[in-house]
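Visitor: got a predicted structure plus its sequence, pasted below:
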Amino acid sequence: MKLPKITPIITVMAAICLLGSCKKKDMSMKMNDPHNIKGVISYQRDFPDDNDTQLAAAKAIGVKPFNKAEDAPNIKQFKLIESNEHYTLDDFTHSVPYVVPQAAKLIDDIAVSFLDSLANKGLNPYRIIITSATRSKEQQQQLSRSNINATENSTHCYGTTFDISWKRFEQVADKDGRPMQEVGADTLKMVLSEVLRDARLAKRCYIKYERRQGCFHITAR
Ligand SMILES: [Zn+2]
């Protein structure tokens, strides 16, 4: 007797279904389950390091300030930083994506700790955004004309200093394409401030809370 050819196909399909592949993919929204979000007591008090403090650290481990942005790739001590799965670089209109190794490592460690903290606190993932890094003397001068906070002795000229936004964060897309509930910027700022406070207390950096500029100004040490 001749069995119809279709039988093996049906059998295989039935087996696949039994293994669960026929289950409909969960595409529901990933909700937050916030817990243990503490923040810091005061942004001003917890991140008080003034320019003199940061400048001393910048001079101790940084490069000599250089004239033009084009010089940066030729400075041996520098490491190139690029947007990656941990953090995002903003449009660098007045800075270059080169920093000393201590600063490169610090950026990555902060970014990873931030993602870990969000997961531990039941929040959907976001990346930090680096809004500024190293500036050539020329770039710093251009900024000084339009920005009161860009002092002549800017730590940004030493390759040790970078700014992380506390206003903007980049949501990490879900790998299965599920929509994700947003996390408010205020909550993300609280989580980031816990990470930064820990890095500062571990003596890895000096930090100034910049209220008007919407960032944390950080110098590796
Ligand atoms: Zn800054």
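Guide: Structure's in. What do you need?

Visitor: give me the number of residues near the residue in the chain positioned nearest to the ion?
Guide: As assessed by C-beta to the ion, the ion sits closest to residue 217 within the chain, at 3.6 Å. The way it works is simple: take the backbone N, C-alpha and C, and place the C-beta from them, glycine included. One way to gauge burial is a neighbour count; for residue 217, by other C-beta atoms under 10 Å, it gives 24.

Visitor: same thing with residue 48?
Guide: Using other C-beta under 10 Å as the criterion, residue 48 is surrounded by 14 other residues.

Visitor: so the residue lying closest to it once chain neighbours are set aside bridges to which residues?
Guide: Nearest-residue entry for residue 48: residue 208, 7.1 Å, with adjacent residues in sequence omitted and distances by C-beta to C-beta, 6 or more residues apart in numbering. Beta-bridge pairing of residue 208, defined through DSSP bridges, involves residue 48, residue 217.

Visitor: work out the gap between the helix or strand residue 109 falls within and the centre of the chain.
Guide: Here residue 109, judged by DSSP states H and E, is contained in helix 101-120. Once both centres are worked out by C-alpha atoms, centre = their mean, to the nearest Å, helix 101-120 turns out to sit 7 Å from its chain's centre.

Visitor: could you point out the helix or strand that follows it?
Guide: With elements assigned by DSSP H and E, the helix or strand that comes after helix 101-120 is strand 126-132.

Visitor: the helix or strand just after that following strand and the ion in contact?
Guide: The helix or strand immediately downstream of strand 126-132 is helix 137-146, counting by DSSP H and E. No: with C-beta under 5 Å from the ion as the measure, helix 137-146 is seen stopping short of the ion, the closest distance being 10.0 Å.

Visitor: and what of stretch 189-206?
Guide: No: using C-beta under 5 Å from the ion, stretch 189-206 stays clear of the ion, with a minimum separation of 11.3 Å.

Visitor: center of this protein - which residue?
Guide: In the chain, the C-alpha nearest the mean C-alpha coordinate belongs to residue 128, at 2.7 Å (C-alpha atoms, centre = their mean).

Visitor: from memory it sits against residue 113, does it?
Guide: No: with contact taken as C-beta atoms under 8 Å, residue 128 and residue 113 are classed as non-touching, separated by 9.9 Å.

Visitor: these two touch, right, residue 87 and residue 111?
Guide: Yes: if you go by C-beta under 8 Å, residue 87 and residue 111 touch, sitting 3.9 Å apart.

Visitor: now do the shared contacts for the two.
Guide: Overlap of the contact sets of residue 87 and residue 111 (by C-beta atoms under 8 Å, 6 or more residues apart in numbering) consists of 127-128.

Visitor: next SSE downstream of the helix or strand of the chain with the lowest mean pLDDT?
Guide: Among the helical and strand segments of the chain, the one scoring lowest on mean pLDDT, DSSP states H and E is helix 6-18, with a mean of 60. Next helix or strand after helix 6-18 toward the C-terminus (DSSP H and E): helix 43-46.
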